[in-house]
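K.L.:
next input, structure requested:
(one chain, ligands or ions: 2)
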Amino acid sequence: MADLSRRRLLTGAGIAVGAGAAAVAGAALVNQDRPHPRAEPVLAAASGGVIPFHGAHQAGIATPVQDRLHFAAFDLSTDSPEKVAAMLKAWTAAAVQMTSAQEVGRGATGAALAPPDDTGEAIGLPASRLTLTVGFGPSFFDRLKLPRPAGFEELPRFRGDRLDPARSGGDVCVQACADDPQVAVHAVRNLVRIGFGTASVRWSQLGFGKTSSTTPEAQTPRNLMGFKDGTNNIAATDRKKLDDHVWVGDEGPQWLRGGSYLVARRIRMHIETWDRTSLKEQEDIFGRTKREGAPYGGTREHDPVAVEKLPADSHVRLAHPDSLGGVTILRRGYSFTDGTDGLGRLDAGLFFLAYQRDLNKGFIPIQRALAAKDLLNEYIQHVGSGVYACPGGVASGSYWGEALLNQA
Ligand SMILES: C=CC1=C(C)c2cc3[nH]c(cc4nc(cc5[nH]c(cc1n2)c(C)c5CCC(=O)O)C(CCC(=O)O)=C4C)c(C)c3C=C
Ligand SMILES: [Fe+2]
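P.N.:
Numbers count the residues shown, from 1 in each chain. Ligands and ions are numbered 1, 2, ... in the order given. Below is the predicted model of the structure:
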């Protein structure tokens with residue numbers, strides 16, 4: 001490894017976390033004498049490489065979408081902002097290490113008579129473009145008596161919702177994305193471990209097969225219905241659209257500027273019914289062709305969508321900005337299959353993730369339009385939900401939510 005990159009990594013990872021509750025109590029350990037690269041970090045965003053943790057925005061929003069997801073929502077077990085700040089500080093130190101392929105704290109093989117700081121299952125694995133993105137639910141602010149951003153509240157109930165409270169909400173969320181599922185799971189597991197005594201997992205979701213892309217030049221992935229998903233998403237290079245529709249600006253509190261609002265929805269697909277539906281009907285439901293992904297009225301995937309050429313209640317027509325006065329979101333969802341539902345059907349679907357600058361100019365109006373009459377509704381059901389305010393990027397030496405918690 002070049003000296004420069006090692007120095008950068010060490011500085012970023014200067015504070016290591018001790019095991020479990022001790023770390024949360026603020027027992028920061030200096031790690032500079034014993035770095036534990038679990039693999040040779042590659043400072044490039046090519047598959048397997050490092051996506052920088054620090055920056056103007058949190059990684060994992062507009063950065064290229066990785067193949068795997070482990071999403072976790074946490075409930076706080078304390079009302080103390082100081083305790084939560086200590087946890088977030090320890091989480092940040094661990095995140096800096098894990099995203100650069102370092103072992104957490106003093107590593108997986110520290111002192112023999114104490115539990116290791118790192119659980120060890122990622123030893124030898126590259127960074128795998130791991131990103132860790134944190135958000136705070138409305139209940140976070142109430143519990144810690146912190147001022148909520150104006151208008152930030154739980155999502156309204158939408159027609160057709162059948163939300164399971166055990167798969168909804170949460171005070172804090174962590175979105176871990178990586179090209180290797182073991183790296184994503186390792187990251188969440190170690191944060192869970194560090195948070196012991198301060199936060200516990202309320203629900204979590206594994207995802208595979210990204211169903212969106214922020215790199216339009218790459219092949220668009222397909223969802224479990226077999227359709228290309230993410231064609232008309234915001235590209236990571238489209239600074240104007242990101243500024244207009246994704247990043248919170250001066251209208252938000254200082255800690256949220258450069259951040260974004262995240263909506264997570266666990267959407268079950270009735271894929272057995274879908275699989276008995278004719279190709280023509282499937283295509284009419286989206287208003288796009290299945291193989292090419294072309295919008296009706298066009299021939300190629302990236303041909304412009306002319307909404308009047310799509311069936312009136314088709315998904316794409318209803319969700320398109322031209323039908324909704326310009327409303328636009330950044331989608332970042334994943335497919336899931338979680339065994340069966342006990343009735344001989346797969347519990348499969350789309351774990352929908354969307355980022356936006358303003359929920360009232362993003363997910364809420366789109367979902368209202370879709371819930372009212374989307375042809376797709378016959379084949380899907382929203383069964384889990386969460387909404388979170390994700391702070392702006394973390395500067396080196398700072399930690400997730402520092403500017404917010406300093407107000408306590
Ligand atoms: C509230 C927002 C949305 C939900 C919920 C949603 C669920 C959902 N979507 C698909 C499959 C596709 N969606 C596509 C496009 C698309 N979907 C939304 C929003 C929601 N989708 C938007 C804003 C768009 C883009 C519209 C446009 O600008 O043209 C497509 C087409 C390809 C693409 O552009 O991505 C597919 C396919 C499923 C299966 C689903 C729930 C399970
Ligand atoms: Fe969609």
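K.L.:
which SSE is Leu200 in?
P.N.:
You called it Leu, but residue 200 is Ser. strand 199-210 (DSSP states H and E).
K.L.:
how about the most centrally placed residue in the chain, nearest residue that isn't a chain neighbour?
P.N.:
Centroid-nearest residue in the chain: Gln175, 3.8 Å away (criterion: Cα atoms, centre = their mean). Using Cβ to Cβ, 6 or more residues apart in numbering and skipping the chain neighbours, the partner closest in space to Gln175 is Thr133 (4.3 Å). C-beta coordinates here come from the backbone N, C-alpha and C atoms, glycine included.
K.L.:
ok, Arg317 next?
P.N.:
Nearest residue to Arg317 in three dimensions, chain neighbours excluded: Leu310, at 3.9 Å (Cβ to Cβ, 6+ apart).
K.L.:
if I look at the one you found, how far off is Glu283?
P.N.:
10 Å (Cβ to Cβ, to the nearest Å).
K.L.:
any common contacting residues for those two?
P.N.:
Residues touching both Leu310 and Glu283 (Cβ atoms under 8 Å, 6 or more residues apart in numbering) are Tyr296.
K.L.:
name the residue in the two with the higher neighbour count.
P.N.:
Taking Leu310 and Glu283 together and counting by other Cβ atoms under 10 Å, Leu310 has the greater number of neighbours (22 against 18).
K.L.:
tell me the strands beside the helix or strand encompassing Val174, with direction?
P.N.:
Using DSSP H and E, the element containing Val174 is strand 172-178. Within its sheet, strand 172-178 is paired with strand 68-76 (antiparallel), strand 131-136 (antiparallel), according to DSSP bridges.
K.L.:
so for the shortest one, mean pLDDT?
P.N.:
Looking back up the chat, that one is strand 131-136. For strand 131-136, mean pLDDT rounds to 98.
K.L.:
now do the next helix or strand after it: everything it contacts.
P.N.:
Downstream of strand 131-136, the first helix or strand assigned by DSSP H and E is helix 138-143. For helix 138-143, the external contacting residues (Cβ under 8 Å, 6+ apart) are 76, 79, 146-148, 152-154, 169-172, 387.
K.L.:
do stretch 300-308 as well
P.N.:
216, 220, 228, 231-232, 287, 292-295, 297-298, 316-317, 320, 322-323.
K.L.:
list buried residues within those residues.
P.N.:
Listed as buried from the contacts of stretch 300-308 are 216, 220, 228, 231-232, 287, 293-295, 298, 316-317, 320, 323; burial here means 16 or more other Cβ atoms under 10 Å.
K.L.:
closest to Gly249 out of the residues you listed?
P.N.:
Asn232 (23.3 Å; Cβ to Cβ).
K.L.:
quick revisit: just the contacts of helix 138-143 that are near ligand 1?
P.N.:
Applying Cβ under 6 Å from any ligand atom to these, one finds that nothing falls near ligand 1.
K.L.:
among those, which ones are in helices?
P.N.:
Counting by DSSP state H, no part of these is found in helices.
K.L.:
quick revisit: out of the contacts of stretch 300-308, which are inside helices?
P.N.:
Those of those mapping onto helices are 316-317, per DSSP H.
K.L.:
out of the contacts of stretch 300-308, who's near ligand 1?
P.N.:
Contacts with ligand 1 are made by 228, 231-232, 316, 320 out of these, judged by Cβ under 6 Å from any ligand atom.
K.L.:
pull the most distant pair out of the residues you listed.
P.N.:
Greatest spacing in those, by Cβ to Cβ: Lys228 and His320 (15.4 Å).
K.L.:
closest residue of the stretch 51-200 of the chain to ligand 1?
P.N.:
When scored by Cβ to the nearest ligand atom, the stretch 51-200 of the chain has Phe158 as its residue closest to ligand 1, at 8.9 Å.
K.L.:
correct me, but that residue touches Gln367?
P.N.:
Yes - with contacts counted by Cβ atoms under 8 Å, Phe158 reaches Gln367, the gap being 5.3 Å.
K.L.:
more neighbours: these two, which one.
P.N.:
Gln367 (25 against 17).
K.L.:
list the contacts of the strand or helix carrying the more buried one.
P.N.:
Take DSSP H and E as the rule and Gln367 turns out to sit in helix 363-373. Residues outside helix 363-373 that contact it (Cβ under 8 Å, 6+ apart): 155-156, 158-161, 263, 313, 315, 318-319, 323-324, 327, 329, 354, 356, 376-377.
K.L.:
can you turn the buried part of those residues into a ChimeraX selection?
P.N.:
In ChimeraX syntax, the buried subset of the contacts of helix 363-373 is picked out as below (16+ other Cβ under 10 Å):
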select :155,158,161,263,313,315,318,319,323,324,327,329,354,356,376,377
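K.L.:
show only the entries of the contacts of helix 363-373 found in strands.
P.N.:
Counted as lying in strands by DSSP state E, out of the contacts of helix 363-373, are 263, 354, 356.
K.L.:
the closest residue to the first one other than its chain neighbours: neighbour count?
P.N.:
Looking back up the chat, that one is Val263. In this structure, Val263 finds its nearest non-sequential neighbour in Phe363, 4.3 Å apart by Cβ to Cβ, 6+ apart. Neighbour count of Phe363, defined by other Cβ under 10 Å: 24.
K.L.:
swap in Gly326?
P.N.:
Using other Cβ under 10 Å, Gly326 has 10 neighbouring residues.
K.L.:
pLDDT value on it, please?
P.N.:
97.
K.L.:
Thr237 too?
P.N.:
For Thr237, the predicted pLDDT is 88.
K.L.:
with Gly48 instead?
P.N.:
Listed pLDDT for Gly48 reads 75.
K.L.:
tell me how many other residues crowd the residue nearest to it when sequence neighbours are not counted.
P.N.:
Leaving out its chain neighbours, the residue that sits closest to Gly48 by Cβ to Cβ, 6+ apart is Pro126, at 4.5 Å. Neighbour count of Pro126, defined by other Cβ under 10 Å: 21.
K.L.:
swap in Arg276?
P.N.:
Look at Arg276: counted by other Cβ under 10 Å, it has 7 neighbours.
K.L.:
how much space between it and Ala199?
P.N.:
When distance is defined by Cβ to Cβ, Arg276 is 44 Å away from Ala199.
K.L.:
equivalent analysis for Ala403, please.
P.N.:
Counting by Cβ to Cβ, the gap from Ala403 to Ala199 is 20 Å.
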